[in-house]
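Visitor: Turn this into a structure:
(5 chains)
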Amino acid sequence: MPKFIKKRSKKIGMPPGTLVHIGEKRSERTKIKVLEYDEVNFQERELENVEECFLFKNEPTVTWINVDGLHEVEILGKLGGCFGLHPLMMEDILNTDQRPKMEDYGEDLFIVLKVLSYDDRTGEISAEQVSLVLRSHALLSFGEKEGSGFASIQERIRGGKGRLRKMGVDYLAYTLLDIIVDNYFVILEKLGEKIEILEQKLVTNPTAQTLLKIQNLKREMLFLRKWIWPLREVLSGLERGESSRIQESTRFYLRDVYDHTIQVMDTIEIFREMLSGMLDIYLSSVNNRMNAVVKVLTIIATIFMPLTFLAGVYGMNFKHMPELEWQWSYPVIWLFMILIAVFMVISFRKKKWL
Amino acid sequence: MPKFIKKRSKKIGMPPGTLVHIGEKRSERTKIKVLEYDEVNFQERELENVEECFLFKNEPTVTWINVDGLHEVEILGKLGGCFGLHPLMMEDILNTDQRPKMEDYGEDLFIVLKVLSYDDRTGEISAEQVSLVLRSHALLSFGEKEGSGFASIQERIRGGKGRLRKMGVDYLAYTLLDIIVDNYFVILEKLGEKIEILEQKLVTNPTAQTLLKIQNLKREMLFLRKWIWPLREVLSGLERGESSRIQESTRFYLRDVYDHTIQVMDTIEIFREMLSGMLDIYLSSVNNRMNAVVKVLTIIATIFMPLTFLAGVYGMNFKHMPELEWQWSYPVIWLFMILIAVFMVISFRKKKWL
Amino acid sequence: MPKFIKKRSKKIGMPPGTLVHIGEKRSERTKIKVLEYDEVNFQERELENVEECFLFKNEPTVTWINVDGLHEVEILGKLGGCFGLHPLMMEDILNTDQRPKMEDYGEDLFIVLKVLSYDDRTGEISAEQVSLVLRSHALLSFGEKEGSGFASIQERIRGGKGRLRKMGVDYLAYTLLDIIVDNYFVILEKLGEKIEILEQKLVTNPTAQTLLKIQNLKREMLFLRKWIWPLREVLSGLERGESSRIQESTRFYLRDVYDHTIQVMDTIEIFREMLSGMLDIYLSSVNNRMNAVVKVLTIIATIFMPLTFLAGVYGMNFKHMPELEWQWSYPVIWLFMILIAVFMVISFRKKKWL
Amino acid sequence: MPKFIKKRSKKIGMPPGTLVHIGEKRSERTKIKVLEYDEVNFQERELENVEECFLFKNEPTVTWINVDGLHEVEILGKLGGCFGLHPLMMEDILNTDQRPKMEDYGEDLFIVLKVLSYDDRTGEISAEQVSLVLRSHALLSFGEKEGSGFASIQERIRGGKGRLRKMGVDYLAYTLLDIIVDNYFVILEKLGEKIEILEQKLVTNPTAQTLLKIQNLKREMLFLRKWIWPLREVLSGLERGESSRIQESTRFYLRDVYDHTIQVMDTIEIFREMLSGMLDIYLSSVNNRMNAVVKVLTIIATIFMPLTFLAGVYGMNFKHMPELEWQWSYPVIWLFMILIAVFMVISFRKKKWL
Amino acid sequence: MPKFIKKRSKKIGMPPGTLVHIGEKRSERTKIKVLEYDEVNFQERELENVEECFLFKNEPTVTWINVDGLHEVEILGKLGGCFGLHPLMMEDILNTDQRPKMEDYGEDLFIVLKVLSYDDRTGEISAEQVSLVLRSHALLSFGEKEGSGFASIQERIRGGKGRLRKMGVDYLAYTLLDIIVDNYFVILEKLGEKIEILEQKLVTNPTAQTLLKIQNLKREMLFLRKWIWPLREVLSGLERGESSRIQESTRFYLRDVYDHTIQVMDTIEIFREMLSGMLDIYLSSVNNRMNAVVKVLTIIATIFMPLTFLAGVYGMNFKHMPELEWQWSYPVIWLFMILIAVFMVISFRKKKWL
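Guide: Down below sits the predicted model:
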């Protein structure tokens, strides 16, 4: 349960804009990294002291300030103050229980979304919140822990080749969005494999455990949908050019990311329906097994009840039971009982119970 | 049932605008509290006599008139008359069976919504209706009982620090809405805990009682949805600036509350789907237990029916049954019967019934 | 079935505008009542002869012509002719199988809706069709039988107090709509009580009858929805001022009726979901009872089958069964059998079957 | 299956506009009937030779050309050529697997819809495709077989009375639509009766057959919906005046037909929900009957197992069983056994199993 | 699972526009065929060397370049470069996991859709991605393997008759779309036959296998919907003339294809509902069979338990059992037992269990 309802209650009654970190403490220290570049220049440094942020505030080059770790509220507060971020925006960055959204704060375009990761050991999905603030020459990105998968992008910037260095800050924002959405496909592949394994178990040997696993996967689909579905609107808004922060040329690329999100949603829907189908199969297989058990019972009872009755009859102590005296009674009765049993077995075979 | 269908029938046939209180009588007396403030001044008093309301009617400062208790219809009628509130508005304030809504009455903006509270003892949720009337310099708030959670806001006004004292009456209205919606998260946390406990019971020891609890929670979700869902429209209307009563600068804040409402709705939907999944698990666990019971029956019958038959055979009284005379018949037959039983047990183990 | 599919087939192939009464004949005679009023004057009379209608046609005061009983087609045809009502409108008035709708016929605004009534004896809901024709100074209302609940309004007009006498004909139309929609709440209260009773039965003693009652209530919800749902559109159309027949000042009041309709629909939806939940409870309680029955069977069989087998063994007639000769065999075997039985009972208690 | 997927595969790979008849051959010969009329004149003839069509092409009077039978592709091709119908339109007329639609081909308005008929013997519904081509002074109607129910309209035209002769060709088109939609009510009445009968069987004596019948009816509802649902759009398009072929005055009448279609759809939806409810009742009645069967088994076993055990005990052959010697043992044991049986029956009565 | 989630993960972290083939390698070599034609001229050649593409780039005639096989990334990269295709478009062409879509790249109109094929041996459906790039005088089509069903169109072009040679490149695009959509009907016919066979099995002899087949078909419907549903939007966009690449005259034809897509979707929905109905029938038939089994058990037990008890009674060894001595006891007891059995059978017949 704590997985998806974070304890917001500690914020109740505080005035809006109060900075409180809601979520797990995921990284040891808040790390601030600054990358500055244009087509020819490139500079990269770790910010030891948040007061130095003023240095990067008004550069004409593209400035990317990446913040990892959200629990050191004071440092983040200073950073926000330095760049003049709206208090509500700062509040949302720290409160990691947001749904994906895009908000236009005049000069700044604020985007919140979820980075998913899959723990191979536990088989669980976890979501980290990433917030982007896009302004004319700078992009601020805030993640809950180090290594949000942005390393490969920093590498591409350092490398200096490719389109990234030539384009503006909106293209950088697109690149971040693209890598986050691409990562969803990896998660879906993992889930797809899990479903496939579960499906085979369902046919060969379904147990009560299988049902719980199906339900767990269904629940994971719920959260995936919750985390990804609103992203559609965000991306379609960006692509339609609702914000002036996005240049015309970047829109083609955003349409591509939008497309991927749709595909992710399609796959989630299909997974959901597959899991529902698997639930039906599970339930009917439980019924089928009951059927098999009851059949065994019926077969045994139907064969042995008449026989036991017959044995009981000739165990009666009446004085005048002529059969008891006859020479061949005993073998005849055995024969008769065997015939009854054979007849029963044949009739079960006809009914396809055997 | 009375919980959600309040007896409106007593109003049938009355002309519109007739003031009748519909709902429980929740507080002893109607209490009217007046707070007047601007950035520098602050004044607070309890209104003993409703006729004094004229004093506060046309002040240029922000006036907040908070009314607790709705059953003293006469007093409320006078108050409404004093401020010239529309008869239909007064009717809706007293009829606590409204759905959340926003209505524009020209000068006045009328907002109805629900404050939820959770009774830790009974584990039940109850809803209280709160109505807000927003006009140029005054805000009237009407609640069913004392202590609607507005005390903390009054404290913030008294304290005099923060944005609240500097901003207009629309910001005050926002603050009230914010605290009400924030409170929904607390309710959801409580329900989340309940669901978690129920879920563990479902796996370890499901009873018919568990089913009723699941259904009760499902029903509570229905009411939560009924009480909260329409709020989305209200807030999105306010945020889009449909009413001139809301200043531009307050809209960012309303967007924030709107966002929270969406998150609350998302969580309710997820709870609903989780409860549906739990229902499936419950139903299949009932089937599984039946399966286990029938298996025991079948195992016992399958082992003992053939044996009993055999004992019956040698209980027959035929004169010519050679086996009866043999020396070792009895121990041999015991051995044979034990072999049959062992064979049965082994075959059950193979079928994984044991 | 006749309840909701009225035999329209008798109209097939007739040209449009042919007046045929479709529905039950509910009143003995068609009764036409005329009320004329403005703020000072008031006149009321029963129309014996439909030809007199010309007298009221062009009065400047508000004229309300209320018609009860729709089967005397000829009289209604004359009345329609006298007021120049469109043939299709007349056809719809007589065909009581309409869904609620509003139609603009230029000069006339035509509204059809359903008045519901609850038969306390049979517990059944029935719907009567009421049609309103609103023109500049007159309102014509057509009902299937006498006493459509409009008596209280006539009383208010006669009384002469209140807003009704001061306002125009559109306010009169609103008053009729208001009283009809208010009446829906009464029906819902009755149904709510029925559901509550059913729910208690469901927990204490569910029978196959309970299921049929749940299904019947579900079906009644279907019809309620069919009869009320389209009314939303009608009222929202009126409120938005789609017709010039409605004055600005009346719109606030229509918004209020619209609001009530939404509340009615909300409650119907909640009832529907409650009934679905009750169905689930019923079905699982059937399973639970089966479970209980099978448990009894298993317990009995598991205790007595081994014992009967044992008794069978010592009923065998082998010559050489040393136990038979021993002095204490019989009490020992009794003891042994009792021990087996006790052991079984204890193991059932552990499994919580007892 | 052939019922609703007609073999379109024979058309694959042909260029568009290729005329191929898809559907059953329903009538022996293609029959072309021409009616020409205005308020005063009336002329009617059977067209023996399709080349004569030129005679009727440009008449100022209303010309109705009714074609019955679609398999003589060549004749229809000539007719289409004579009137200059678009190749795609001709293709759709012959391909009787269309969904209802309206298409504007500039001069011509093309409407496709389904005429339903109910076979009283087999209880099956079949759909025939009717296409209408509406142009300035002519209406062409194409049906799959003779007697599409248009005979009564022809009679009304011949009769010369009524509105039909006075109005234009669009009113004629309306009349055809009206009679087709009115006919849907007849089909629904038949289905309603079938459902009613099925429902009674469900309560008195449900069999596996009943389930199949419910499913068959559900399926028929699917097809009805498929055939009628798109008609709503067609009629709402016509009514809103999307085509200039429809005169203002005819729109009131089309609104009426539109209304009927909505009512038909409402009824279909209600039938669908009723059938779903019946499915639930069926499934739970199967469970209930199982319950009853298992109860009988349990009662018999619970009564006779202890008694048989007791009889077995006194059938043991121990030498030292004092009871065997007593004078009154036998009647006492009988009494005891009867007491046990009576006690069991009473406890079953308490559990309401008997 | 690999069937529908293609391994996109190998692309993660690459900059956009990187050409990677995602999907199966379906054809040996990439084959490029060029057809040039207008009303009088026709030229056709296989392109051995991709550098020759410049020859066809700016011809005024209609140029159709058909590419079969997508895994030779380098060749396709060159082709794309030659025609100046946007990198994102090239990426989508190679990544065969797209959903059907239409994208406007200024000069180029980019359409992606799925060609379905049915393997008669395995009974499986597979989807191949086809991309179309439509520009002023050229159409480029990309398929995953040879023989995408376009051979018949090439034949029609070669033949030179018909509309195709006279019309522009947009009509060619329409022709390709038309043949692809027409092919869907063939797939549906195959699935319809499969459903029909399954349905008969369901009635005559349902097995656990039947359930799996139903679920498989349901899943196939999911994919069909995923592959076809978005096509509706594509075609409706084309038909409404959203792109200037489509001439007015071609729109009628596109409306026709759009219509077919709707029909395909209708049929898929009906298949889905039919399969759901079949699932219900399957589940209840499992229950019915269980019922039958339990009935047999109950009948046997109810007949033989009382009889065995009776035999047991007269097997007791009491000294004083007067019946044992009587002359006719034995035949009388037989008679009595037969009467009990007959009575039981009759009462089962009354209950309709036999």
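
Visitor: Can you pull the phi/psi pair for A:Tyr37?
Guide: Per-residue torsions, A:Tyr37: phi -160, psi 150 (degrees, to the nearest 10).

Visitor: That one against A:Val62, yeah?
Guide: Yes - here A:Tyr37 lies in contact with A:Val62, judged by CB atoms under 8 Å, at a distance of 5.6 Å. All C-beta atoms are positioned from the backbone trio N, CA, C, and that covers glycine.

Visitor: Those two - which one has more neighbours?
Guide: A:Val62 (24 against 19; other CB atoms under 10 Å in any protein chain shown).

Visitor: residue contacts, the more buried one?
Guide: A:Glu36, A:Tyr37, A:Asp38, A:His137, A:Ala138, A:Leu139, A:Gly168, A:Val169, A:Leu172 (CB atoms under 8 Å, 6 or more residues apart in numbering or on different chains).

Visitor: What is the nearest of those residues to E:Leu55?
Guide: Minimum distance to E:Leu55 across the contacts of A:Val62 is 38.6 Å, recorded for A:Gly168 (CB to CB).

Visitor: and the gap between the residue nearest to A:Met344 when sequence neighbours are not counted and E:Phe304?
Guide: Leaving aside its chain neighbours, A:Met344 sits nearest to A:Ile303 (4.9 Å; criterion: CB to CB, 6 or more residues apart in numbering or on different chains). Separation of A:Ile303 from E:Phe304 (CB to CB, to the nearest Å): 11 Å.

Visitor: Strands along the stretch 101-250 of chain A, start to end?
Guide: A:101-105, A:108-119, A:124-134, A:138-143 (DSSP state E, counting those that start in this stretch).

Visitor: looking at the ones you listed, which is buried most?
Guide: Greatest average neighbour count among the strands of the stretch 101-250 of chain A goes to strand A:138-143 (a mean of 24), per mean count of other CB atoms under 10 Å in any protein chain shown.

Visitor: hmm, back to that, so which of the strands of the stretch 101-250 of chain A comes closest to chain E?
Guide: Set against chain E and scored by CB to the nearest CB, those come closest in strand A:108-119, at 11.5 Å.

Visitor: pLDDT on that closest one, on average?
Guide: In this model, strand A:108-119 has a mean pLDDT of 93.

Visitor: got it, and stretch A:199-208?
Guide: On average, stretch A:199-208 scores 86.

Visitor: name the element A:Asp259 belongs to?
Guide: helix A:248-313 (DSSP states H and E).

Visitor: What is that helix packed up against?
Guide: helix A:169-204, helix A:208-239, helix A:329-350, helix B:248-313, helix E:87-94, strand E:101-105, helix E:208-239, helix E:248-313 (3 or more CB pairs under 8 Å, 6 or more residues apart in numbering or on different chains; DSSP states H and E).

Visitor: Tell me the buried residues in stretch A:38-48?
Guide: Judged by neighbour count (16 or more other CB atoms under 10 Å in any protein chain shown), stretch A:38-48 contains these buried residues: A:Phe42, A:Leu47.

Visitor: ok, that stretch near chain E or not?
Guide: No - judged by CB under 8 Å from any CB of the partner chain, stretch A:38-48 stays clear of chain E, getting no closer than 15.7 Å.

Visitor: sorry, back to before: more neighbours, A:Ile303 and E:Phe304?
Guide: Between A:Ile303 and E:Phe304, counting by other CB under 10 Å, E:Phe304 is the more crowded of the two (26 against 22).

Visitor: Report the residue spans of the stretch 251-354 of chain A with pLDDT below the cut-off.
Guide: Nowhere does the stretch 251-354 of chain A drop to pLDDT under 70.

Visitor: State which one residue of chain A is found closest to chain B.
Guide: Chain B sits closest to A:Ala311 of chain A, with a gap of 3.3 Å, by CB to the nearest CB.

Visitor: is it true that that residue touches B:Phe309?
Guide: Yes - A:Ala311 lies in contact with B:Phe309 (CB under 8 Å); the separation is 6.3 Å.

Visitor: Tell me the confidence at A:Lys6?
Guide: With respect to pLDDT, A:Lys6 has a value of 64.

Visitor: Could you pull out the buried residues of stretch A:274-290?
Guide: In stretch A:274-290, counting by 16+ other CB under 10 Å, buried: A:274-275, A:277-290.

Visitor: Of those residues, which is the nearest to B:Leu113?
Guide: A:Leu275 (37.0 Å).

Visitor: quick one, what contacts the closest one?
Guide: A:Ile195, A:Ile214, A:Leu217, A:Lys218, A:Met221.

Visitor: In chain A, which residue sits closest to chain D?
Guide: Counting by CB to the nearest CB, chain A gets nearest chain D through A:Gly315, at 6.9 Å.

Visitor: roughly how far apart are the nearest residue to A:Pro15 once chain neighbours are set aside and chain E?
Guide: Distances taken as CB to CB, 6+ apart place B:Gly162 nearest to A:Pro15, at 5.1 Å, with adjacent residues excluded. For B:Gly162, the distance to chain E equals 46 Å [CB to the nearest CB, to the nearest Å].

Visitor: what do you get for A:Val286?
Guide: In terms of CB to the nearest CB, A:Val286 sits 10 Å off from chain E.

Visitor: so what's that residue closest to, chain neighbours aside?
Guide: Sequence neighbours aside, B:Asn287 is the residue nearest to A:Val286 in space, at 5.1 Å (criterion: CB to CB, 6+ apart).

Visitor: which ones are touching the residue in the stretch 201-350 of chain A that chain C sits nearest to?
Guide: Taking CB to the nearest CB, chain C has its nearest neighbour within the stretch 201-350 of chain A at A:Gly315, 6.9 Å off. By CB under 8 Å, 6+ apart, A:Gly315 lies in contact with B:Gly312, B:Gly315, B:Met316, B:Asn317, C:Gly315, D:Gly315, E:Ala311, E:Gly312, E:Gly315.

Visitor: hang on, isn't the first one packed against A:Pro306?
Guide: Okay, so that is B:Gly312. No - if you go by CB under 8 Å, B:Gly312 and A:Pro306 don't touch, sitting 11.5 Å apart.

Visitor: More neighbours: these two, which one.
Guide: B:Gly312 (31 against 20).

Visitor: The nearest residue to that one once chain neighbours are set aside: neighbouring residues, count only.
Guide: Leaving out its chain neighbours, the residue that sits closest to B:Gly312 by CB to CB, 6+ apart is A:Ala311, at 3.3 Å. Look at A:Ala311: counted by other CB under 10 Å, it has 25 neighbours.

Visitor: got the contact list for A:Ala311?
Guide: So A:Ala311 contacts A:Met337, B:Phe309, B:Gly312, B:Val313, B:Gly315, B:Met316 (CB under 8 Å, 6+ apart).

Visitor: a strand runs through the last one, doesn't it?
Guide: Think B:Met316. No - looking at B:Met316 with DSSP: H, G, I helix; E, B strand; the rest coil, it is coil, so not inside a strand.

Visitor: hang on, isn't it packed against C:Met316?
Guide: No - look at B:Met316 against C:Met316 with CB under 8 Å: they stay out of range, at 9.1 Å.

Visitor: residues touching A:Met316, list them.
Guide: By CB under 8 Å, 6+ apart, the residues touching A:Met316 are B:Asn317, E:Ala311, E:Tyr314, E:Gly315, E:Tyr330, E:Ile333.

Visitor: hmm, try it at 6 Å
Guide: If you count contacts by CB atoms under 6 Å, 6 or more residues apart in numbering or on different chains, A:Met316 has them with E:Ala311, E:Tyr314, E:Gly315.

Visitor: with these in mind, which one is nearest to B:Val296?
Guide: Closest to B:Val296, out of all of those and judged by CB to CB, is E:Ala311, at 27.5 Å.

Visitor: What residues does chain A have near chain B?
Guide: Applying CB under 6 Å from any CB of the partner chain, one finds that chain A approaches chain B through A:1, A:5, A:8-9, A:12-13, A:15-16, A:88, A:99, A:208, A:211, A:215, A:218, A:222, A:226, A:283, A:286, A:290, A:293, A:296-297, A:300, A:304, A:307-308, A:311-312, A:314-315, A:324-325, A:327, A:329-330.
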